[in-house]
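Visitor: Sequence first, predicted coordinates after that:
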Amino acid sequence: MPVIMKKQTVILSIFLLFQFLIYGQEYTESEEFMLTKYDKSLFEKMLSSSGEFNGNTQIYITDSLENKLKEIEVFIETYENDSKVEELITTDFKNVKKIIRVVINQCACYCDTSKYYFFVTNNKKLIELPTIEQEDYEFEMKTKDYVFNAEFQTIELTEFQDEKIKENENDEPTFKLKSKKVLKKYKWNGNKLNKK
């Protein structure tokens, strides 16, 4: 378990560093939106079940009145109940009050990451962006994320390729951005997202 937790911490640190240094987008924990937790007794149910329980359960993004706004399915054996809703306040996108995200890491031998993003409109409607699915960073040292360009009202799904730098065998490795590639582009018209 400590190895998994250490791996999750490293992945989260790298992700947050990229967000701040490369994208110039700094998210903070939301006070308006929360993420529910699953009942840990489900783990015992999964272990003792004879096939009727597949090990998946739902968690929800809720608002401050505890209304369930979005369902997210997680596998209880690999999800640690540790994600939260983060937000970026913006008035630069038409009819968007803020952008919220939830990053779900599910780790066994390696970590798969799902990133959920939503525009929160001025009338509090949630517009979901396509979910980003990403394999363990350690395999190919790649991350995927959205880059928001308010000037053109566009969102680019971008893949960032890093490289490991190690001066000699005794040094701790450092990571540097090697390249980036736009995988998809979306245009925001103030009400909905359209693929370009």
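Guide: Nice, thanks for sending it over. Predicted, not measured: the structure shown is a model, and the values here were computed from it.

Visitor: hey, where'd the helices end up in this protein?
Guide: Using DSSP state H, the helices assigned to the chain run over residues 2-18, 41-48, 137-140.

Visitor: what's the average pLDDT for the longest one?
Guide: Confidence over helix 2-18, taken as the mean pLDDT, stands at 46.

Visitor: Also stretch 92-111?
Guide: 92.

Visitor: Scan the helices and strands of this protein for the one with the lowest mean pLDDT.
Guide: helix 2-18 (a mean of 46; mean pLDDT, DSSP states H and E).

Visitor: can you give me the strands for the protein?
Guide: With strands called from DSSP state E, the chain shows them at 28-29, 33-35, 56-63, 68-75, 85-89, 96-107, 111-121, 126-128, 132-134, 142-149, 154-165, 174-188, 193-195.

Visitor: looking only at pLDDT, what's the mean for stretch 155-169?
Guide: 87.

Visitor: contact partners of it?
Guide: 18, 22, 129-130, 132, 140-149, 173-188, 193 (CB atoms under 8 Å, 6 or more residues apart in numbering). Heads up, the C-betas are built off the backbone N, CA and C, glycines and all.

Visitor: Drop anything exposed from the residues you listed.
Guide: 18, 129, 132, 141-148, 180, 185-186, 188 (16 or more other CB atoms under 10 Å).
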